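Asks: Build me a structure from this.
(one chain, ligands or ions: 1)
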Amino acid sequence: MHLARFPRRFIAHLPTPLERLDRLSAELGGPEIWIKRDDCTGLSTGGNKTRKLEFLMAEAELQGADTVITQGATQSNHARQTAAFAAKLGMKCHILLEDRTGSKDANYNHNGNVLLDHLHGATTEKRPAGGDMNAEMEKVAEEMREDGRNVYAIPGGGSNPTGALGYVNCAFELLAQLNDSATKIDHIVHATGSAGTQAGLIVGLKAMNAQIPLLGIGVRAPKETQEANVFKLASATAEKLGCPGVVSREDVVANTDYVGEGYGIPTESGLEAIAMFAELESILLDPVYSAKGAAGFIDLIRKGHFKKGERVVFLHTGGSAALFGYTAAFDFADRWTGQEKPQAA
Ligand SMILES: *Cc1c(COP(=O)(O)O)cnc(C)c1O
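Replies: Okay, here's the model as predicted:
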C-alpha cells in the first residue's frame, strides 16, 4: 500500500505528538493512557479534518477548482478547516451550515468555528435540520457552475474514500511512532461521526496487520447505522487502495451509548471529560465530538473494559474552537467559582 500514488497537498503539522497522560491515568487507576494529538495538526486551531483535506484539496487543485463548497453543522470543525485550507490555496469557499440544535445562542451562531469560517473569508448560508445536506450542497454547486465557476464539492466531514486516505496515513504514522519507541498498545479509541476517521484508520491498521482493536465512540447515529456507515466507507477506501476486502464487518466497532440527547447537544459526562482533560492534562476537548469520545473512554475505564496493565491510545480529533460556540453549556453549575448558576431574571 503506497499512499504517495495519490495527490496530496501538504499543510498539516505532522507527525502529531504521541504523549502519555500520567495524571489522567493515575486519576482513573486503570490502563496507561496515551494520546495521539490530532488536535495539533496546525491548521486554524487544528483537528482531524486537516488530514482528510490534504488529499481532497489536492484533487480540487488538480481539477483546477477556483471554489470549494462543503457542508456541516453550525459549529462544524470540518467547515472551519476547509475554509482555512481554501484561503491558503487562494480558492473561494462556500459553506452550507445545518441548524441541528435550534439554539438561538449568540455564541453558538456567531462565535467559535463560525467566527473562524468568516475570518478565513468563507461565505456561509443556513439550512434547517433534517434535510439531505449533500444534495442541498450539490444544488448550490450546480448554480455556481452555471455562473462559470469551477467548483469542487466536499461531502460533510470530508468523509469519502479520498478523505479517508488521510486516516490511513494516520494509522501508518501512529504505528511507526509506536514501533520506533517500542511502545506496545492494546487499543485505540476515538470519537466517530461522519465515519472517515474510523474508516481510514481501520483500513490502515488491517492492511498492516497491526492487530490493534479500534473503538469508535459515536456522537450521532445509533450503533448499527454508525458501524454500517464506517464499514461501507472502509470497504470503498480499501478498494481505492487496491486491497479490497482487507476490512471485515466485525473489525468495525462503535459504541454509541454516549450520544446523549443528540448530535451537538452537550452531555454531563462530556462536560466532566472536558474538565478532567483540562485540569489534569491541560488538553482542550470539544463538547460535540472529542468530549463525548473521552466520556465513553473514561466510563469504559471505570467499568473495567480497559484494565490496569493495558496501554490505550485516545486519538484526540480536535474541535477546541467549538468551545467558544458552546459557552452556554458551561453555565450548568459553577464548579470553578463555587457559585450557583445565575437565576434567570
Ligand atoms: C469531525 C470530527 C470527528 C469525527 O470524525 P469523522 O471522520 O467525521 O467520523 C471527531 N472529532 C472532531 C473534533 C471532529 O471535528
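Asks: Every contact and neighbour count from this point should use C-alpha atoms.
Replies: OK.
Asks: Where do the strands of the chain begin and end?
Replies: Assigned by DSSP state E, the strands in the chain fall at 18-20, 32-37, 67-73, 92-99, 123-128, 151-153, 187-192, 214-218, 254-255, 311-316.
Asks: now these in JSON lines, with mean pLDDT, mean neighbour count and distance to residue 265?
Replies: Shown next, in JSON lines, are these (pLDDT from 0 to 100; neighbours: other CA atoms under 10 Å; distance: least, CA to CA, whole Å):
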{"stretch": "strand 18-20", "mean pLDDT": "98", "mean neighbour count": "16", "distance to residue 265": "29"}
{"stretch": "strand 32-37", "mean pLDDT": "98", "mean neighbour count": "21", "distance to residue 265": "24"}
{"stretch": "strand 67-73", "mean pLDDT": "98", "mean neighbour count": "25", "distance to residue 265": "12"}
{"stretch": "strand 92-99", "mean pLDDT": "98", "mean neighbour count": "23", "distance to residue 265": "12"}
{"stretch": "strand 123-128", "mean pLDDT": "97", "mean neighbour count": "15", "distance to residue 265": "16"}
{"stretch": "strand 151-153", "mean pLDDT": "98", "mean neighbour count": "23", "distance to residue 265": "27"}
{"stretch": "strand 187-192", "mean pLDDT": "98", "mean neighbour count": "24", "distance to residue 265": "15"}
{"stretch": "strand 214-218", "mean pLDDT": "98", "mean neighbour count": "25", "distance to residue 265": "13"}
{"stretch": "strand 254-255", "mean pLDDT": "98", "mean neighbour count": "22", "distance to residue 265": "17"}
{"stretch": "strand 311-316", "mean pLDDT": "98", "mean neighbour count": "23", "distance to residue 265": "19"}
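Asks: wait, which of the ones you listed is closest to residue 48?
Replies: Closest of the strands of the chain to residue 48 is strand 311-316, at 8.2 Å (criterion: CA to CA).
Asks: Give me the contacts around that closest one.
Replies: Outside strand 311-316, the residues within contact range by CA atoms under 8 Å, 6 or more residues apart in numbering are 31-39, 184-191, 285, 290, 294, 297, 306.
Asks: related to what we said a few turns ago, out of the strands of the chain, which gets nearest to residue 241?
Replies: It's strand 214-218; of these, that one is closest to residue 241 (CA to CA) at 20.0 Å.
Asks: Given that closest one, what are its sheet partners and their directions?
Replies: Strand 214-218 pairs in its sheet with strand 187-192 (parallel), strand 254-255 (parallel), by DSSP bridges.
Asks: How far off centre is the shortest one?
Replies: Average the C-alpha atoms of strand 254-255, do the same for its chain, and the two points are 15 Å apart (CA atoms, centre = their mean, to the nearest Å).
Asks: Make sure residue 138 is actually in contact with residue 153.
Replies: Yes. Contact criterion CA atoms under 8 Å: residue 138 and residue 153 qualify, at 7.3 Å.
Asks: So, low pLDDT: which residues of the stretch 201-345 of the chain?
Replies: 332-345 (pLDDT under 70).
Asks: quick revisit: same list (the strands paired with strand 214-218) but as a markdown table, adding distance to residue 278.
Replies: As requested, those are exported to a markdown table (distance: least, CA to CA, whole Å):
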| stretch | distance to residue 278 |
| --- | --- |
| strand 187-192 | 18 |
| strand 254-255 | 24 |
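Asks: and of those, who's closest to the ligand?
Replies: Closest approach to the ligand among these (CA to the nearest ligand atom): strand 187-192, 3.8 Å.
Asks: between that closest one and strand 311-316, how many degrees?
Replies: Calculated by axes from the mean of the first three to the mean of the last three CA atoms, to 10 degrees, strand 187-192 forms an angle of 20 degrees with strand 311-316.
Asks: So what touches strand 187-192?
Replies: Among residues not part of strand 187-192, those counted as contacts by CA under 8 Å, 6+ apart are 198, 212-219, 254, 289-290, 292-294, 297, 311-317.
Asks: ok, and of those, which contact the ligand?
Replies: Counting by CA under 6 Å from any ligand atom, 289-290, 317 from the contacts of strand 187-192 sit close to the ligand.
Asks: No more questions from me, cheers.
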